[in-house]
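Student: Based on what follows, work out the 3D shape:
(one chain, ligands or ions: 2)
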Amino acid sequence: MKREELIKKAEEARNQAYVPYSKFAVGAALETKDGRVYGGCNIENAAYSMCNCGERTAIFKAVSEGERDFAALAVSADTDGPVSPCGACRQVMAELLQQDTVIYLSNLKGDIEETTVATLLPGAFSKEDLHG
Ligand SMILES: O=c1ccn([C@H]2C[C@H](O)[C@@H](CO)O2)c(=O)[nH]1
Ligand SMILES: [Zn+2]
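Tutor: Ligands and ions are numbered 1, 2, ... in the order given. Sure thing, here's the model as predicted:
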């Protein structure tokens with residue numbers, strides 16, 4: 001899928017964001033190597049630490065459906081520049097996406113930054129660290 005199409009799907013997922021506290025809506029769209037797309041939005045909670053980001057919602061939806069091989073992830077929010085994923089999402093991307101999964105960071109103005117998991121989180125803690 002073209003990056004503009006995947007970003008549009010992230011924007012559509014963003015419309016479902018449940019953000020009564022921050023009012024900051026985020027959408028994500030994760031495309032598998034077979035071309036299936038899983039949307040995700042951020043979902044907040046009155047117990048703030050339970051808030052889940054849009055990126056992780058999309059990743060967990062896909063993985064929970066048995067998906068393991070991902071081509072691209074688009075993220076969209078109403079930010080000045082391309083949205084910057086939080087550290088927790090970067091760590092989850094490092095574990096569950098591939099090294100060659102393309103990440104499109106975007107905003108509603110049409111700015112797009114194309115990056116990779118390795119660039120977003122150099123030195124990520126991984127299963128190699130865990131099992132020496
Ligand atoms: O890349 C990001 C950054 C923040 N958030 C969410 C978490 C919280 O619901 C709100 C404000 O931080 O935005 C995301 O979903 N993705
Ligand atoms: Zn996050």
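Student: Which parts of the protein are strands?
Tutor: With DSSP state E as the criterion, the chain has strands at 26-32, 37-41, 70-77, 102-107, 112-116.
Student: how about TSV for those strands, with distance to ligand 2 added?
Tutor: Bear in mind the C-beta positions are built from the backbone N, C-alpha and C, glycine included. Below are the strands of the chain laid out as TSV (distance: least, C-beta to the ion, whole Å):
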stretch	distance to ligand 2
strand 26-32	8
strand 37-41	10
strand 70-77	9
strand 102-107	12
strand 112-116	15
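Student: So which of those is nearest A94?
Tutor: If you check each of the strands of the chain against A94 by C-beta to C-beta, strand 112-116 wins as the nearest, at 10.4 Å.
Student: Just checking: what are the partner strands of that closest one?
Tutor: strand 102-107 (antiparallel) (DSSP bridges).
Student: ok, and what's touching the strand it pairs with?
Tutor: With contacts defined as C-beta atoms under 8 Å, 6 or more residues apart in numbering, strand 102-107 is touched by 3, 6-7, 10, 71-85, 93, 97, 112-117, 120.
Student: check contacts around the residue most central in space within the chain.
Tutor: Computing the C-alpha centroid of the chain and ranking residues by C-alpha atoms, centre = their mean puts E55 first, at 2.6 Å. Neighbouring residues of E55 by C-beta under 8 Å, 6+ apart: 26, 28, 40, 73, 75, 85, 89, 92-93.
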